[in-house]
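>>> Below: sequence and its predicted model.
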Amino acid sequence: MADIDLIPAPWRAEQRARRTLRGGLVAVGCAIAAVAAVRIGLEIANRQATTALQTLQAQRRDSERIVARLTALNARVDEARELSRKVAALRGPDVVSGVLVPIDAALGESIWFDELIYTRIPALPQPGTPIAPAEASLAIRGKAPDPATIGEFAEVLGSAGPCAKPRLVPGNVKQYNRFELMEFALNCPLTLPGGGKS
């Protein structure tokens, strides 16, 4: 005996249509979800790229500011070095090594100073012109036991020391309890190392 199908054919067709429609809807939903996921991924990647670009641009601006500041600092260093060179030229050679050491070498045991005056008048440079040597002179007042000692000191100072053509002026004789000393005054323009006659 043949099996009898009690399910109506229209109902079966409707169920098949529903299953087909449901499968299509699921496929469309999956496609929409995939497109949305791709779009979200692209937006995230775009935001990350934009953030990275902004960071690079900020770093570039910072580096440009740092380069500009370094350039300005280097210019100030060069300016300070030039100013230091000008000040050193105006100041001239070291007084101790250029003047006092030679005087001390020429100074004997029997002569001493009451006063030593070092005078230096710098010549202020004009813009665009080299610095002219300054005028310097030395004035010494002191005492010695006799004129010969004074003359020897002036001769040694003029030949080996910084004094150029020392002018010697003998002074009075000072009487003390057991001895007497002769006062003297010596003036001379100075010749300093590296600067010629000042």
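Great, that's in hand. Numbers count the residues shown, from 1 in each chain.
>>> From R69, how far out is the most centrally placed residue in the chain?
Geometric centre of the chain, nearest residue: V77, 3.9 Å, by Cα atoms, centre = their mean. Plainly put, V77 is 12 Å away from R69 if you go by Cβ to Cβ, to the nearest Å. All C-beta spots, glycine's among them, are computed from the backbone N, C-alpha and C.
>>> Same check on G158?
G158 is 56 Å from R69, where distance means Cβ to Cβ.
>>> May I see the buried residues of the host helix or strand of D114?
Applying DSSP states H and E as the criterion places D114 in strand 112-121. Neighbour counts over strand 112-121 (16 or more other Cβ atoms under 10 Å) mark R120 as buried.
>>> go on, stretch 150-161?
Buried positions in stretch 150-161, judged by neighbour count with 16+ other Cβ under 10 Å: 150, 152-154, 156-158, 161.
>>> Now do the lengthiest helix in the chain and strand 112-121, the angle between them.
Ranked by number of residues, the top helix in the chain under DSSP state H is helix 9-91. Orientation check (axes from the mean of the first three to the mean of the last three Cα atoms, to 10 degrees): helix 9-91 against strand 112-121 gives 130 degrees.
>>> what about helix 9-91, average pLDDT?
For helix 9-91, mean pLDDT rounds to 82.
>>> And for stretch 113-126?
76.
>>> Understood, closing this out.
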